[in-house]
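[1] need a structure here:
(chains A and B)
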Amino acid sequence: MESIISLQNVSKSFGKHQVLDNVSVEIVAGEPVALVGANGAGKTTLFSILCGFLKADSGQVKIFGEVVSGYQHLAKLSALIQDAEFDPDFSISSQLKLYAQLHNMSAKQAQHDVDRVLELTGLSGYARQKSQILSHGMKKRLAIAQSLLGSPQVILLDEPTAGLDPDYARQISNILLDIKDLATLVISSHQLEQLQRICPRVAFLRDGKLSLSEHFNSINKPESPNSARSIANGIDVLTLTLRCSDQLPGLVDKIKALPAVRTIVATQRHEFKIQYHAGDQPYQFEHSLLKLFSENHWHYDQFINGETLENQWFSQSNDQ
Amino acid sequence: MKAYDFKKVLQICLHEWQRVFVTGSGRLTLLTFFGVWVLIFHYPVRTAVELISVSGDAGIIRSMLGDIGFRQLLQWPVAELSVFWFAAMLLLPLTCISLCCDQFASDRQRGTVKFYLLRCRRSEFLIGRFLGYASFFTLLMLSLVIITLVYAWVREPSSLSSGIRQGSDTFIFLTIWMVPFIALANFLNVLLPSGKKVILVTILLYLLLPTLDYLAASKLQINLQTTLALPGLGVFSTMGDTGPSLDQLTRPLLQTVSYLFLSSLIFKLRSLG
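    Numbering: from 1, shown residues only, chains lettered A, B, ... in the order given. Below you'll find the model as predicted:
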């Protein structure tokens, strides 16, 4: 298999904060790779180094066997860059056409390619519009469209579903499923669940270290000690993950005060792992939690039965 | 190492032309520019030409202007071009900086520049943008010189033959004289986050560098000559006997090359967060 990305002893720090610590990894062409890590773990930094936007402090970065500074990778590698926006002066079609022409296409070929990528991402009707009229989700689709121009062999997608509601996130996931055979995708996210159905391979980034697993599902075995149900001191203990979009004052204390709750731990920003006793009635705890949210006029993003895959992996790696 | 691709430079350059001629903001800028210059031609330039060429007091006025250093300018065959050249030297530097202040600073802030840099070298992008603005400004210069010649021809049809020579010299001179302003703005675009800041820093440079030279010379007896880095200084020494002196153009060309070299170097070394 051809090596598409090769990192050898790559380190990068911002001031005293070491983001990448002597990272060495080799990714070969093939099935999509999920790059997973918590917010601030260094996923965007890693992508920026691969694209040549940032320079590593030390180590060697090669794309298709060529160092990034040699510009040989330009036609082969593409990226969805988080937070990069289109020029508000030009129409979507006009900008995409220029980007296609920079892949050494004629004007006619470029227009054909623009039509193709807009069709793939469901944006054909917006070709003559300017990008600022698009919603956040559509802008993500547009960013994917630009990354598909010129048929690159590897596409880096930095948080393609970040900030999207579940409906839009599903749309993006479907687009990624549609394009996964066109190029080797490397998709970063801190939400493993969304990536699991797209990516058979997964790379975890934590504390500046990167580890690649060829088998995503190996981290989610049913016998995992951190699954939804466990027995502690002869009592049935269940786990639930709660995700909120905002900080809710008093949330932790009020949940702790619920009679069934054993522990509540913040696992990420606005994400909590709750362990509780199973009640006599089905969904007894969930009902009391929903009632608490309703009484306080709070909103939640997700209740996840059990732990998130990401936390499971982190727990496993900590145990090791 | 992949070879430098001039086709990409040209495509980026042509895309900047689209910004001017196709987008609403570009057309508005163009309309404002020519609107202002038509007013300048119609009132200050025409009045000045009448004063130095046609009016009964023309001799006295020419003598007074000659005394304060404009003797050569008054000898130029087409009076309209003389007055236009003078007005251009006063007005065009700031116009040039204003029109070219945001070559890619806002693109850097917005992240748009990353879409380009996935497909071309940093220097190809930077030079493409510079050439886009420089060629556009060249076109503006050409248009202004042609309008001036038309004004001169309407007043005095026989002036056209001598006007073409003086006009082409004026066009070449103004174009090369203005290019380092665009290169300076290009350089500042690498360092600063917006076009507005580019204008402010340019004005500051014109205040600070002469002061620095003065202080170094008067207090430390050191001839720093930092003002050599500033485009457009010493313009009155460029007046030739029959038109602008083209052998005075080495300095602006050197300034242009130096700023573009620095731009490329710093842009290559800079991280794009």
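[2] around chain B, which positions in the stretch 101-250 of chain A sit nearby?
    A:101-104, A:146, A:150 (CB under 8 Å from any CB of the partner chain). The C-beta positions use only the backbone N, C-alpha and C, and glycine is treated the same way.
[3] can you get me a residue count around residue 209?
    With no chain named, the answer covers chain A. 17 (other CB atoms under 10 Å in any protein chain shown).
[4] that's the other chain; I wanted chain B
    B:L209: 18 neighbours (other CB under 10 Å).
[5] now A:S131: closest residue in space that isn't a chain neighbour?
    Leaving out its chain neighbours, the residue that sits closest to A:S131 by CB to CB, 6 or more residues apart in numbering or on different chains is A:F86, at 3.7 Å.
[6] B:T112 is in contact with that neighbour, correct?
    Yes: A:F86 lies in contact with B:T112 (CB atoms under 8 Å); the separation is 6.4 Å.
[7] what's the neighbour count on the spatially closest residue to B:F34 that is not a sequence neighbour?
    Spatial nearest neighbour of B:F34, excluding adjacent residues (CB to CB, 6+ apart): B:S143 at 7.4 Å. For B:S143, the count of nearby residues is 15 (other CB under 10 Å).
[8] and A:F64, by the same measure?
    So A:F64, with other CB under 10 Å, has 16 neighbours.
[9] hmm, B:V38 and the residue nearest to B:F34 touching each other?
    No: the criterion here is CB under 8 Å, and B:S143 misses it with B:V38 at 11.0 Å.
[10] picking that back up, for the residue nearest to A:S131, which three-state class applies?
    Recorded secondary structure, A:F86: coil (DSSP: H, G, I helix; E, B strand; the rest coil).
[11] show me what contacts it?
    If you count contacts by CB atoms under 8 Å, 6 or more residues apart in numbering or on different chains, A:F86 has them with A:92, A:95, A:130-131, A:139, A:142, B:112, B:115.
[12] cutoff 10 Å now
    By CB atoms under 10 Å, 6 or more residues apart in numbering or on different chains, A:F86 lies in contact with A:92, A:94-96, A:99, A:130-132, A:134, A:139, A:142-143, A:146, B:110-112, B:115.
[13] need the buried ones from the residues you listed selected in ChimeraX.
    Buried members of the contacts of A:F86, defined by 16 or more other CB atoms under 10 Å in any protein chain shown, are picked up in ChimeraX with:
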select /A:92,94,95,96,99,130,131,134,139,142,143,146 /B:110,111,112,115
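[14] what about the contacts of A:F86, which are in helices?
    Secondary structure of these is defined by DSSP state H; positions in helices are A:92, A:94-96, A:99, A:139, A:142-143, A:146, B:110, B:112, B:115.
[15] output the residues you listed as a markdown table; include the columns pLDDT and distance to B:A217.
    Formatted as a markdown table, those follow (pLDDT from 0 to 100; distance: CB to CB, whole Å):
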| residue | pLDDT | distance to B:A217 |
| --- | --- | --- |
| A:I92 | 96 | 56 |
| A:S94 | 95 | 52 |
| A:Q95 | 96 | 51 |
| A:L96 | 97 | 55 |
| A:Y99 | 96 | 51 |
| A:K139 | 92 | 55 |
| A:L142 | 94 | 57 |
| A:A143 | 93 | 55 |
| A:Q146 | 94 | 54 |
| B:R110 | 93 | 43 |
| B:T112 | 95 | 44 |
| B:F115 | 95 | 48 |
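[16] of these, closest to B:F261?
    The nearest member of the ones in helices among the contacts of A:F86 to B:F261, counting by CB to CB, is B:T112 at 24.5 Å.
[17] residues in contact with the closest one?
    A:81, A:84-88, A:90, A:95, A:131, B:104, B:106.
[18] grab the nearest non-local neighbour of B:T138.
    B:T175 (5.0 Å).
[19] helix or strand next in line after the helix or strand harbouring the one you found, which one?
    B:T175 belongs to helix B:160-191 when assigned by DSSP states H and E. Next helix or strand after helix B:160-191 toward the C-terminus (DSSP H and E): helix B:195-220.
[20] list the buried residues in that next one.
    B:195, B:197-199, B:201-202, B:205-206, B:209, B:213.
[21] now check the next helix or strand after that helix, is it near chain A?
    As assigned by DSSP H and E, the chain's next helix or strand after helix B:195-220 is helix B:250-269. Yes: counting by CB under 10 Å from any CB of the partner chain, chain A is contacted by helix B:250-269 at B:268-269.
[22] since we're on A:V265, how many residues are nearby?
    For A:V265, using other CB under 10 Å, the count is 11.
[23] please name the bridge partners of it.
    For A:V265, the beta-bridge partners are A:K273 (DSSP bridges).
[24] unless I'm mixing things up, it is touching A:V252, no?
    Yes: with contact defined as CB atoms under 10 Å, A:V265 counts as touching A:V252 (9.2 Å).
[25] so what sits against both of these two?
    A:272, A:274.
[26] tally of neighbours for the closest residue to A:L35 other than its chain neighbours?
    Excluding the flanking residues, the one nearest A:L35 by CB to CB, 6+ apart is A:S188, at 4.1 Å. Neighbour count of A:S188, defined by other CB under 10 Å: 26.
[27] my guess is B:V36 is in a strand, correct?
    No: per three-state DSSP, B:V36 lies outside any strand segment and is helix.
[28] check the gap between it and chain A for me.
    22 Å (CB to the nearest CB, to the nearest Å).
[29] wait, that residue touches B:T95, no?
    Yes: counting by CB under 10 Å, B:T95 is a contact partner of B:V36 at 8.4 Å.
[30] from the contacts of B:T112, which would you call buried?
    A:81, A:84-87, A:90, A:95, A:131, B:104, B:106.
[31] okay if I get the residues you listed as TSV plus distance to A:L177?
    What follows is these, written out as TSV (distance: CB to CB, whole Å):
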residue	distance to A:L177
A:I81	21
A:A84	23
A:E85	26
A:F86	25
A:D87	30
A:F90	30
A:Q95	26
A:S131	25
B:F104	36
B:S106	35
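[32] circling back: next, the buried residues of the helix or strand containing the residue nearest to B:F34.
    Per DSSP H and E, B:S143 falls inside helix B:122-155. By neighbour count with 16+ other CB under 10 Å, helix B:122-155 contains the buried residues B:122-134, B:136-138, B:140-141, B:144-145, B:147-149, B:151-152, B:155.
[33] on that earlier part again, and the buried residues of helix B:195-220, which is closest to chain A?
    Using CB to the nearest CB, the shortest approach to chain A within the buried residues of helix B:195-220 belongs to B:G195, at 13.0 Å.
[34] correct me, but the closest one touches B:R108?
    No: using CB under 10 Å, B:G195 is not in contact with B:R108, being 11.2 Å away.
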